[in-house]
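Engineer: after the sequence you'll find the predicted model.
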Amino acid sequence: MAILIISASAKEIEFLPGVKNKEILIGEVTDINSNYSLLIVGIGIASATYNLTKNINTIKEYSFKKILNIGIAGCFSKKISLTTVVHISNDQFGDLGAEDGDSLQTAFDLGWVKNNEFPFTNCKLKLLNNDNKNIQSLEAITVNKGSGSQHTISILKNKFADAQIESMEGAAIAYVLIKEGMNILQIRAISNYIATRNFSEWKITEAISILNTYITKQFKL
């Protein structure tokens with residue numbers, strides 16, 4: 001099998017070829033066609049970590065040529081249009097640590113983890129480079145809860161100034177796979193700006209559709 005696609009939810013891959021004709025269960029590797037398989041790991045760090053880890057032996061047995069983590073994400077910058085597809089060059093855990101007033105002390109700041117302790121490189125999880133130079137490569141953080149208050153957003157933007165993308169699974173998936181000696185390519189489509197939550201301004205379905213079309217064409221699914 002050439003490609004494994006990992007996603008948090010079935011909705012985020014609903015427009016990929018062959019998906020509508022398959023029963024796809026959370027936490028099970030499902031063969032879709034001769035080109036790719038799917039693994040839905042669930043929403044959030046805990047679910048993603050568990051469901052990916054329990055499938056590690058299966059993933060190794062398949063010897064996939066490429067592993068993709070795809071899904072939607074929020075964006076801190078309004079300079080990037082909604083539904084834009086982006087490549088994530090590195091990811092970080094955005095809320096692992098301790099609050100200190102209006103600032104955040106990360107696990108690295110607190111000395112719980114060394115800056116270059118495997119699988120981290122300068123506190124970040126380095127992901128595979130993207131072969132398609134027509135999409136932007138951006139940095140991301142992964143959080144246990146989607147940010148939706150100006151206080152939280154301000155803290156995160158100050159602490160992770162280089163990160164423009166936020167998801168709830170990316171770093172967890174990268175952490176497990178890198179620890180297990182595998183590489184991961186993370187590609188996301190921006191569904192919303194990170195702000196006080198206003199679902200009327202979000203473009204979830206459109207972002208998923210554009211992301212799935214990009215993945216289908218780019219990886220010849």
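Structural biologist: Structure received.

Engineer: quick check: Asp109 is in a strand.
Structural biologist: No: counting by DSSP: H, G, I helix; E, B strand; the rest coil, Asp109 falls outside a strand, being coil.

Engineer: got the contact list for it?
Structural biologist: By CB atoms under 8 Å, 6 or more residues apart in numbering, the residues touching Asp109 are Gly97. C-betas here are computed from N, CA, C, even on glycine.

Engineer: ok, now Asn21?
Structural biologist: With CB under 8 Å, 6+ apart, Asn21 has no contacts at all.

Engineer: what does the one 4 residues further on give?
Structural biologist: Under the criterion of CB under 8 Å, 6+ apart, the neighbours of Leu25 are Ile40.

Engineer: so how far is Val41 from it?
Structural biologist: 11 Å (CB to CB, to the nearest Å).

Engineer: give me the common contacts of those two.
Structural biologist: Common neighbours of Leu25 and Val41 (CB under 8 Å, 6+ apart) do not exist.

Engineer: buried stuff in stretch 189-198?
Structural biologist: Neighbour-count burial for stretch 189-198, counted by 16 or more other CB atoms under 10 Å, picks out Ala189, Ile190, Ser191, Asn192, Ile194, Ala195.

Engineer: in a strand, the second one, correct?
Structural biologist: Looking back up the chat, that one is Ile190. Yes: judged by three-state DSSP, Ile190 forms part of a strand.

Engineer: who's it bridged to?
Structural biologist: In this entry, Ile190 is beta-bridged to Ala73, by DSSP bridges.

Engineer: OK, contacts around it?
Structural biologist: Shown in contact with Ile190 (CB under 8 Å, 6+ apart): Ile72, Ala73, Gly74, Cys75, Ile80, Ser81, Leu82, Thr83, Thr84, Val86, Ile165, Ala207.

Engineer: next: the fifth one.
Structural biologist: Contacts here follow CB under 8 Å, 6+ apart; on that basis Ile194 touches Gly74, Cys75, Phe76, Gly146, Ser147, Gly148, Ile153, Glu166.
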